[in-house]
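# below is the sequence, then the predicted model.
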Amino acid sequence: MKALQYPHIGAAPVLTDVPEPQPGPGEVLLKVTAAGACHSDIALMSMTADQIVFPLPLTLGHEGVGTVAALGEGATGVQVGDSVAVYGPWGCGVCRNCAQGKENYCLRATREGIFPPGLGMPGAMAEYMIVDDTRHLVPIGNLDPVTTAPLTDAGLTPYHAIKLSVPKLVAGSTAVVIGSGGLGHVAIQLLRAMTAAHVVALDVSEEKLELARSVGAHEALPSDAKAADRIRDLTRGEGAAVVLDFVGAPPTTAIAGKSVSVEGDITIVGIGGGSLPVGFGTLPYETTVCSPYWGSRVELEEVLQFAHQGVLDIHVQRFSLDEAPRAYELLHDGRINGRAVIAP
Ligand code: NAD
Ligand code: ZN
Ligand code: ZN
């Protein structure tokens, strides 16, 4: 079968012929119907040999939707033919975090060498993929696989991040979304659906600011040296109750620090190497700074409920598996508006 693989350090992703996998005991074989391309894949393909903790080549794709094609011995809970979304942050399933569905914070995954599909295990950018356990599958019914695949990360990650701050997003408050890309354009919609906050989006691209407005941002502003002052002006000098940074680079974490209010939250989701000093006098009083990772299994079900209710408008650019290397070139160059989705 065809698979899009990252073959070795420094290489571009390539379409490769690999054996079709067979499901072992408890595993599930999916015929992939859609796989999203995340900016974290670009980050992964920029890592040095000692930063990569799993073997290459790696089949990419940690946002997957597929149809159950076969069940391994003893696998129960789904039927052949079911359309399912893959919960990506696989954990051990039994530690106290996994027991609460928070497999994204599994206490044993690192030590036991458990990796998500596409981030260590063979991922969804292939004709077929193996899912290790039916607990990592959520049936999606008649949802469109192409617009649903991004929800498994570009939806789940902002949803989890926003949930942490919901009590602060009362009427009259402001939430800032930095980076209106794959994750950010879903974050704007989730903020509108889940909170009463005024939503201000920042980006460096006019096309993405336009996308931000079209999916519900009240304001969309250039992410530049004046951005923090403009946010202060828009908030009567108070600052934003919550700043969600989907870039996480030095210029954006600096904007976050300058635009947050007292008792505000700065949530750094992007992995762009930015950081913030914490200590008395460096940030407004009682600011909370955190860097969450992905989300829990039940939160994926919650995001999918929003999709079933029809409140999400996921912008996708669709590519075939043969065109997938091109999708990553465009993503690298900032030329994907919304999410690139590979539909084999
Ligand atoms: P994307 O490429 O789709 O979107 C990034 C957006 O940021 C683009 O619209 C781009 O124009 C904009 N941007 C770039 N520089 C900017 C700046 N200085 N100010 C404002 N906007 C700027 O990327 P994505 O797939 O949405 O991922 C976003 C980030 O989140 C990446 O760093 C990714 O690795 C990370 N990520 C983290 C998690 C997690 O669990 N923490 C999960 C998924 C993705
Ligand atoms: Zn991702
Ligand atoms: Zn665990």
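That came in fine, so what should we check first? None of these values were measured; they are calculated from a predicted model. Ligands and ions are numbered 1, 2, ... in the order given.

# tell me the buried residues in the lowest-mean-pLDDT helix or strand in the chain?
Counting by mean pLDDT, DSSP states H and E, the chain has its least confident helix or strand at helix 109-112, which shows a mean of 95. With burial defined by 16 or more other CB atoms under 10 Å, the residues of helix 109-112 counted as buried are A109. C-beta: built from backbone N, CA, C; applies to glycine.

# contacts for that helix next, please.
With contacts defined as CB atoms under 8 Å, 6 or more residues apart in numbering, helix 109-112 is touched by 90-92, 103, 115.

# could you list which of these also contact ligand 3?
Filtering those for proximity to ligand 3 by CB under 5 Å from the ion leaves 91-92.

# and the contacts of helix 109-112 as JSON lines, adding neighbour count, secondary structure and distance to V311?
Output for the contacts of helix 109-112, formatted as JSON lines (neighbours: other CB atoms under 10 Å; DSSP: H, G, I helix; E, B strand; the rest coil; distance: CB to CB, whole Å):
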{"residue": "W90", "neighbour count": "24", "secondary structure": "coil", "distance to V311": "28"}
{"residue": "G91", "neighbour count": "25", "secondary structure": "coil", "distance to V311": "29"}
{"residue": "C92", "neighbour count": "16", "secondary structure": "coil", "distance to V311": "34"}
{"residue": "E103", "neighbour count": "26", "secondary structure": "helix", "distance to V311": "26"}
{"residue": "F115", "neighbour count": "19", "secondary structure": "coil", "distance to V311": "32"}
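
# would you turn the contacts of helix 109-112 into a markdown table with pLDDT and distance to ligand 2?
Shown next, in a markdown table, are the contacts of helix 109-112 (pLDDT from 0 to 100; distance: CB to the ion, whole Å):
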| residue | pLDDT | distance to ligand 2 |
| --- | --- | --- |
| W90 | 98 | 14 |
| G91 | 98 | 16 |
| C92 | 98 | 21 |
| E103 | 98 | 15 |
| F115 | 98 | 13 |
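
# in the chain, where is pLDDT below threshold?
Of all residues in the chain, none has pLDDT under 70.

# just how off-centre is the least confident helix or strand of the chain within its chain?
22 Å (CA atoms, centre = their mean, to the nearest Å).

# check whether it comes near ligand 3.
No. Helix 109-112 lies apart from ligand 3 when judged by CB under 5 Å from the ion; the minimum separation is 6.2 Å.

# which elements pack onto the next helix or strand after that helix?
Using DSSP states H and E, the next helix or strand after helix 109-112 towards the C-terminus is strand 128-131. Applying 3 or more CB pairs under 8 Å, 6 or more residues apart in numbering; DSSP states H and E, we find strand 128-131 packed against strand 28-37, strand 63-71.

# pull out the buried positions in the very next helix or strand once past strand 128-131.
As assigned by DSSP H and E, the chain's next helix or strand after strand 128-131 is strand 137-139. Neighbour counts over strand 137-139 (16+ other CB under 10 Å) mark 137-138 as buried.

# packing partners of strand 137-139?
Strand 137-139 packs on strand 83-86, helix 297-308, going by 3+ CB pairs under 8 Å, 6+ apart.

# which residues sit in contact with the residue of the chain found nearest ligand 1?
For the chain, the residue closest to ligand 1 is G181, as judged by CB to the nearest ligand atom, at 1.8 Å. Under the criterion of CB under 8 Å, 6+ apart, the contact partners of G181 comprise 39, 203, 208, 246, 336, 338.

# out of those, who has the most neighbours?
F246 (30 neighbours; other CB atoms under 10 Å).

# can you tell me how far that residue is from A161?
9 Å (CB to CB, to the nearest Å).

# need the overlap of contacts for those two.
Joint contacts of F246 and A161 (CB under 8 Å, 6+ apart) are 187, 269.

# quick one on the thing from earlier: want to throw the helices and strands packed on strand 128-131 into JSON lines with mean neighbour count?
As requested, these are exported to JSON lines (neighbours: other CB atoms under 10 Å):
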{"stretch": "strand 28-37", "mean neighbour count": "26"}
{"stretch": "strand 63-71", "mean neighbour count": "23"}
